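S.K.: structure of the sequence below:
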Amino acid sequence: MDRIKIAIVGIGNCASSLIQGIEYYRKKKESDAIGLMNWDIAGYKPFDIEVVAAFDIDTRKVGKDVAEAIFALPNCTTVFCEDVPLNGVLVKMGCLLDGYSEHMGGFDEKRTFVPSKEPAADKDSVVQELRDSGADILLNYLPVGSEKASKFYADCALDAGVALVNNMPVFIASDPEWATRFEEKGIPVIGDDIKAQLGATITHRTLADLFHKRGVKLERTYQLNTGGNTDFLNMLNRSRLASKKESKTEAVQSVSGQRLDDDNIHVGPSDYVAWQNDNKVCFLRMEGKLFGDVPMNIELRLSVEDSPNSAGVVIDAIRCCKIALDRGIGGALNSPSSYFMKHPPIQFSDDEAHLMTTEFIKGSRDR
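M.R.: Here you go, the predicted structure:
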């Protein structure tokens with residue numbers, strides 16, 4: 001099989017876990033490859049992915065080999081594969097726009113960004129880099145709230161003829177106008193907002209679906225999340241959270257059977273706790289009524305390392321995007337988007353989405 005060549009925007013904790021994972025599973029056999037949903041997708045293994053271009057804005061990453069940049073501050077995720085080899089791909093200065101919040105600008109170098117003084121990239125330079133690198137797919141790992149910057153890079157992908165996996169809650173694949181633009185150019189897009197392997201949203205969705213299927217009326221619910229990585233620090237700026245809250249809330253509402261009033265559902269980031277680093281803690285409560293209108297409630301505490309929790313899902317999203325390229329399929333890929341993302345173009349239950357994605361991989365479903 002050909003290598004899957006990817007370009008990454010944002011060399012943060014999520015990119016670090018992804019790149020570590022590619023190397024980690026290179027040393028594994030299928031029989032001992034723990035933590036993957038799929039070892040083989042249409043002939044592509046996890047280690048068939050190769051980073052060929054990268055963009056960031058932090059001075060500690062710009063100009064460095066990607067293999068070094070993934071371990072630079074303010075990254076703080078678990079290091080589960082230390083020996084990632086240098087590959088000669090240097091991180092290029094990206095485009096700023098709204099790519100980071102002003103309160104993230106270096107008051108604590110261990111925790112926040114230190115913007116590079118290099119000139120910010122423009123569209124022509126990004127498009128040229130994507131073309132010169134031979135990238136098949138562009139991954140968007142920008143911070144939450146990067147609306148303008150995410151759309152800038154989506155535009156660059158279209159101009160360069162590169163597919164897009166949009167891991168962030170800026171609505172590209174789920175926006176009909178953007179989806180049409182990708183379809184008209186014959187370029188696949190998967191999005192929006194990556195759903196972790198076993199995270200707060202997928203757990204909340206599973207329980208909401210269980211309530212519905214077992215005839216329990218869900219009356220109120222909340223999901224409160226804390227963490228200590230730059231993602232949670234960034235989200236202290238509440239003005240950047242509109243699309244994130246919409247994405248996470250809709251992911252739960254869509255499987256609850258009967259939609260809850262806004263006052264009875266709260267799903268979203270709650271606070272930044274520095275010492276948690278990349279560990280994310282979710283506090284989940286659901287209240288409902290059983291047979292005979294008898295009340296019940298459930299409370300759950302979930303603790304996960306945030307970035308590795310998404311990396312395994314992204315590895316599958318990349319491979320599904322590549323087989324769409326191989327098959328000449330453009331536009332929003334509804335099946336993998338519904339399984340891998342919180343805010344896909346069309347919401348399905350996770351069981352339906354899993355079946356649809358399996359059929360897509362086998363080639364019996366075109367998108």
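S.K.: wait, Ala154 sits on Met168?
M.R.: No - contact criterion CB atoms under 8 Å: Ala154 and Met168 do not qualify, at 10.6 Å. Using the backbone N, CA and C atoms, a C-beta is placed for each residue, glycine as well.
S.K.: neighbour count: the two, which is higher?
M.R.: Set side by side, Ala154 and Met168 show more neighbours around Met168, with 27 against 23, by other CB atoms under 10 Å.
S.K.: who touches that one in this structure?
M.R.: 140-144, 146, 150, 192-194 (CB atoms under 8 Å, 6 or more residues apart in numbering).
S.K.: show me just the buried residues among these.
M.R.: If you count burial by 16 or more other CB atoms under 10 Å, the buried members of those come out as 140-144, 146, 150, 192-194.
S.K.: among those, name the ones in helices.
M.R.: Ser150 (DSSP state H).
S.K.: can you list the contacts of Met168 in CSV and add distance to Leu164 and pLDDT?
M.R.: Output for the contacts of Met168, formatted as CSV (distance: CB to CB, whole Å; pLDDT from 0 to 100):
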residue, distance to Leu164, pLDDT
Asn140, 7, 98
Tyr141, 12, 98
Leu142, 12, 96
Pro143, 17, 92
Val144, 17, 91
Ser146, 14, 93
Ser150, 10, 97
Asp192, 10, 97
Asp193, 13, 96
Ile194, 13, 97
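S.K.: dump those into CSV; add distance to Arg60 as well.
M.R.: Below are those laid out as CSV (distance: CB to CB, whole Å):
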residue, distance to Arg60
Asn140, 21
Tyr141, 16
Leu142, 17
Pro143, 16
Val144, 21
Ser146, 19
Ser150, 23
Asp192, 29
Asp193, 27
Ile194, 24
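S.K.: looking at the residues you listed, which is nearest Thr77?
M.R.: Tyr141 (12.4 Å; CB to CB).
S.K.: what touches both of Ala154 and Met168?
M.R.: Shared contacts of Ala154 and Met168, counting by CB under 8 Å, 6+ apart, come down to Asn140.
S.K.: look at the most far-flung residue of the chain relative to its centre and give its secondary structure.
M.R.: Here the chain reaches farthest from its C-alpha mean at Gly292, the gap being 41.5 Å by CA atoms, centre = their mean. Three-state call for Gly292 (DSSP: H, G, I helix; E, B strand; the rest coil): helix.
S.K.: and Asp231, what helix or strand is that in?
M.R.: helix 230-234 (DSSP states H and E).
S.K.: tell me what that helix is packed against?
M.R.: strand 265-272 (3 or more CB pairs under 8 Å, 6 or more residues apart in numbering; DSSP states H and E).
S.K.: give me the residues contacting the strand it packs on.
M.R.: The contact list for strand 265-272 (CB under 8 Å, 6+ apart) reads 201, 204, 220-228, 232-233, 235-236, 241, 244-245, 248-249, 251-253.
S.K.: is Val267 in a bridge, and if so with what?
M.R.: Gln223 (DSSP bridges).
S.K.: any idea how far Val216 is from the residue farthest from the centre of the chain?
M.R.: 12 Å (CB to CB, to the nearest Å).
S.K.: kindly report the same for Asn237.
M.R.: For Asn237, the distance to Val216 - CB to CB - is 37 Å.
S.K.: quick one: which of the two has more around it?
M.R.: Val216 (19 against 16).
S.K.: over to that one: give its phi and psi.
M.R.: Reported as degrees, to the nearest 10, the phi and psi values for Val216 are phi -90, psi 130.
S.K.: show me the shaky parts of the stretch 1-150 of the chain.
M.R.: The model of the stretch 1-150 of the chain has pLDDT under 70 over residues 1, 106-107.
S.K.: which residues of it fall in helices?
M.R.: Listed in chain order, the helices of the stretch 1-150 of the chain (DSSP state H, counting those that start in this stretch) span 13-26, 66-69, 123-133, 147-160.
S.K.: what sits closest to Asp326 if chain neighbours are left out?
M.R.: For Asp326, ignoring the flanking residues on the chain, the nearest one in space by CB to CB, 6 or more residues apart in numbering is Ala42 at 7.5 Å.
S.K.: touching, the one you found and Cys321? I think so.
M.R.: No - judged on CB under 8 Å, Ala42 makes no contact with Cys321 at a distance of 11.3 Å.
S.K.: now do the shared contacts for the two.
M.R.: With CB under 8 Å, 6+ apart applied, the contact sets of Ala42 and Cys321 do not overlap.
S.K.: the two: which is more packed in?
M.R.: More neighbours surround Cys321 than the other of Ala42 and Cys321, with 27 against 16 (other CB under 10 Å).
S.K.: hang on, the more buried one is in a helix, isn't it?
M.R.: Yes - counting by three-state DSSP, Cys321 falls inside a helix.
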